[in-house]
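Undergrad: Just to be clear, the model below is a prediction. Sequence and coordinates:
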Amino acid sequence: MDDQNKNLILATVLSALVLLVWFFLFPPEQQAPVVEQTATNDGIADPVTGAITPPIAPGDAVVVPAPGEAREAALTTNARVTIETPRLTGSVSLAGGRIDDLSLKDYQETLDDDSPIVTLFSPAGVANAYYALHGWVPGGTLATDAVPGATTVWSAPEGAVLTPETPLEMTWDNGAGLLFRKTISIDENYMFTVDQAVDNNTGAPVRLAPYGLIARQGEPETVNFFILHEGVVARSDGKLLELDYDDMTDLDPVAAEGGRVQITEASEDGWIGFTDKYWMATLIPSAGVPFSEVVKYVDRADRYQTETRLPYRTVEAGEAHVSSSRLFAGAKEWEVLREYQNDEGIAGFVDSIDWGWFYFLTKPIFAALHWLNALIGNMGIAIIVLTLGIKAILLPLAYKSYVSMARMKELQPEMEALKEKAGDDRQKMQQGMMELYKKNKVNPAAGCLPILLQIPIFFSLYKVIFVTLELRHAPFFGPFQDLSAPDPTSIMNLFGLLPIAPPEPGSILALVFIGILPILLGISMWLQQKLNPAPTDPTQAMIFAYLPWVFMFMLGGFASGLVVYWIANNTITFTQQYLIMRSHGSKPDLFGNIKSSFSRKKKTEAAAANSTKAPSGKGKK
């Protein structure tokens, strides 16, 4: 068997095999340790910070509209203050001071012109309720009703509107000497700042602790693809935590908490919240203040919850205490997250994007792709230019590989002579081959290296295209208006020429009736294959003949941006290989190889047909 063809087959089959099994090889998410707690008369006290958790968790007693009530009707249940910014629209409920109505102006649900904008937060009691709440936990002798709760109605100036220029100021007086003030401000993007203050006019010290929480009613609808994390995302003192919704329901129950709880202590900085594929809501306490990150599932309410619990405070008579924290609620835009991380000190905030196992590749690949898209103005062309850049970086290895392949081709007559001389003695033939390689300084494995290096790059680019918001609804040209989605064209309707709807993405029909891009992928692989004559061995020839078309259907349901990359990669590889082979005196007979492949196919069919014919009987003895 020709060693050059052996290497090519090995590398190609290995690429296909790894592509199929790679998704099952992702490591499990890192689990943060559960911190043991001790009970006190104030609830649950952390042994280090003294932060207090109430026996009934904040938000458990929320009075909400009847389940299933329309979102629009629920928004009229309580008095509200409008939120209006360049990128957000919604409202704050004065009942509890909850931020529970939020939509993203810059993003639509689908590509349709009349598609509604993306809704992030919805009030409690409606389907997929999702909201943020900030408040106080009473401690010591302070009664629960002495602090504002989830049903407390706050006072706000008449006609108030929350904008980047006008913060919302709310107050509540408990009638017993404590005045609570809550000020919510927002920037031009997605960051809320919540300042909570308490003035103690009771004549005696009071103990209490500030908290923030984000709650989701019921398990939300997810993409449910295991290379993408959706659920809790948190960071504490440099350690990243990811928990799926199923993981939350498996946490250990804590009776005093009324649910299943996991608590992680952050001594310096951190943040915690929920992440969807493209959107996120995250609580961010002030840096340098110790706090507890709490992941909680309330069984009886089917509520998923993340909390930040700050240290327990004593406010002396006549004094005030102010606690400040932030809430990110919006789109996971890389530039915005990076600005918050670099300019506003939110450590590791860019890591809220799921960069995956190959983060050391996905991060620079995305940064390059983002820069190219900003420069060119078309994400599809940016992917092609990025492919050119990757191939340029790998060119030295590719050059050595193709040179090695060309030199092995020159050794073909000597190899054939060795095979004839060795006969059936495979050991003798292998020894002779190794001596021949050593004498001519040829590495038979060199041809595999560029293909093997493409595997992690391919996976990393796939991850970038699948998880990053910047690829969502990113257009290329013509029918390709979303490079994060599969090719929308289909053979079924002759690529849009017939008035027939294409099959639904992900369906069996969509896997069979593929689009233009997968077909171009198969053709590009087939042409690249034809730079060399087909192997003389029938088994090898059959494998080579089928591989391009197997890849064509296998990648047909992948994101079209990834298929664009693969086509560009094949085209550039074809050009590189052709030019390098020509420069070393080997002239690829592309058209001859194509012609011979069809001739061989006809001969094979004729031979098969003849073998099935019954003998005529002539010449029998």
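TA: The structure has been received and is ready for your questions. Residues are numbered from 1 along each chain as shown.
Undergrad: which intervals of the stretch 201-350 of the chain have sub-threshold pLDDT?
TA: Filtered on pLDDT under 70, the stretch 201-350 of the chain yields no residues whatsoever.
Undergrad: For it, just list every one of the helices.
TA: Listed in chain order, the helices of the stretch 201-350 of the chain (DSSP state H, counting those that start in this stretch) span 245-249, 334-343.
Undergrad: Just put those in CSV and tack on mean neighbour count and distance to residue 494.
TA: No exception for glycine: its C-beta is placed from N, CA and C like everyone else's. Conversion of the helices of the stretch 201-350 of the chain to CSV gives the following (neighbours: other CB atoms under 10 Å; distance: least, CB to CB, whole Å):
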stretch, mean neighbour count, distance to residue 494
helix 245-249, 16, 43
helix 334-343, 16, 39
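Undergrad: In TSV: those helices, plus distance to residue 180.
TA: Conversion of those to TSV gives the following (distance: least, CB to CB, whole Å):
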stretch	distance to residue 180
helix 245-249	31
helix 334-343	28
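Undergrad: out of those helices, which comes closest to residue 115?
TA: Ranking these by proximity to residue 115 (CB to CB) places helix 334-343 first, at 22.6 Å.
Undergrad: For the nearest residue to residue 201 once chain neighbours are set aside, list the residues it contacts.
TA: Leaving aside its sequence neighbours, residue 201 sits nearest to residue 177 (CB to CB, 6 or more residues apart in numbering; 4.4 Å). Listed by CB atoms under 8 Å, 6 or more residues apart in numbering, the contact partners of residue 177 are 200-203.
Undergrad: Check residue 287 too.
TA: 268-269, 345, 347.
Undergrad: and what of residue 476?
TA: Residues in contact with residue 476 (CB under 8 Å, 6+ apart) are 378-381, 483, 560-561, 564.
Undergrad: tell me which of those is nearest to residue 368?
TA: Distances from residue 368 to those, taken by CB to CB, are shortest for residue 379, at 12.5 Å.
Undergrad: Report pLDDT for that closest one.
TA: The pLDDT attached to residue 379 in the predicted structure is 96.
Undergrad: neighbours around it, how many?
TA: 24 (other CB atoms under 10 Å).
Undergrad: My read is that it contacts residue 477, right?
TA: No: no contact is recorded between residue 379 and residue 477 when judged using CB atoms under 8 Å, the distance being 10.6 Å.
Undergrad: where does residue 474 fall, helix, sheet strand or coil?
TA: Using DSSP: H, G, I helix; E, B strand; the rest coil, the structure places residue 474 in coil.
Undergrad: cool, and residue 566?
TA: When the structure is reduced to helix, strand and coil (three-state DSSP), residue 566 reads as helix.
Undergrad: gap between it and residue 99?
TA: Taking CB to CB, to the nearest Å as the measure, residue 566 and residue 99 are separated by 43 Å.
Undergrad: Most neighbours of all the contacts of residue 287, which one?
TA: Comparing these on neighbour count, residue 269 comes out first with 21 neighbours (neighbours: other CB under 10 Å).
Undergrad: my read: it touches residue 344, true?
TA: No: distance between residue 269 and residue 344: 11.7 Å, which falls outside the contact criterion (CB under 8 Å).
Undergrad: show me the contacts for the most centrally placed residue in the chain.
TA: The structure's the chain has its C-alpha centroid closest to residue 467; by CA atoms, centre = their mean the separation is 3.0 Å. Contacts for residue 467 (CB under 8 Å, 6+ apart) come out as 228, 277, 353-356.
Undergrad: just checking, residue 136 touches residue 196?
TA: Yes: using CB under 8 Å, residue 136 is in contact with residue 196, at 7.1 Å.
Undergrad: shared neighbours, the two?
TA: Residues within reach of residue 136 and of residue 196 at once, by CB under 8 Å, 6+ apart, are 180, 210.
Undergrad: Have a look at the two and say which one is more surrounded.
TA: Under the criterion of other CB under 10 Å, the comparison of residue 136 against residue 196 puts residue 136 first, with 27 against 23.
Undergrad: Grab the nearest non-local neighbour of that one.
TA: In space, and not counting its chain neighbours, residue 136 is closest to residue 147: 4.2 Å by CB to CB, 6+ apart.
Undergrad: same deal with residue 243?
TA: Beyond its immediate neighbours in the sequence, the residue positioned closest to residue 243 (CB to CB, 6+ apart) is residue 232, lying 4.1 Å away.
Undergrad: Run a quick check on that neighbour versus residue 248, I expect a contact.
TA: Yes: the pair residue 232 / residue 248 is scored as a contact, 6.8 Å apart, by CB under 8 Å.
Undergrad: was I right about residue 84 contacting residue 160?
TA: No: applying CB under 8 Å, one finds residue 84 not in contact with residue 160, separated by 11.3 Å.
Undergrad: ok, which stretches of the stretch 51-200 of the chain are helices?
TA: Secondary structure of the stretch 51-200 of the chain, counting by DSSP H, counting those that start in this stretch: helices at 71-74.
Undergrad: List the contacts of the nearest residue to residue 428 once chain neighbours are set aside.
TA: The spatial neighbour of residue 428 that comes closest, neighbours along the chain excluded (CB to CB, 6+ apart), is residue 422 at 4.5 Å. Under the criterion of CB under 8 Å, 6+ apart, the contact partners of residue 422 comprise 428-429, 432.
Undergrad: which residues are in contact with both of residue 232 and residue 248?
TA: Contact criterion CB under 8 Å, 6+ apart; residues bridging residue 232 and residue 248 by contacting each: 295, 304.
Undergrad: follow-up on the earlier one: would you reformat the contacts of residue 422 as TSV and include distance to residue 580, pLDDT and secondary structure?
TA: Listed next are the contacts of residue 422 as TSV, based on distance: CB to CB, whole Å; pLDDT from 0 to 100; DSSP: H, G, I helix; E, B strand; the rest coil:
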residue	distance to residue 580	pLDDT	secondary structure
428	33	78	helix
429	29	79	helix
432	28	81	helix
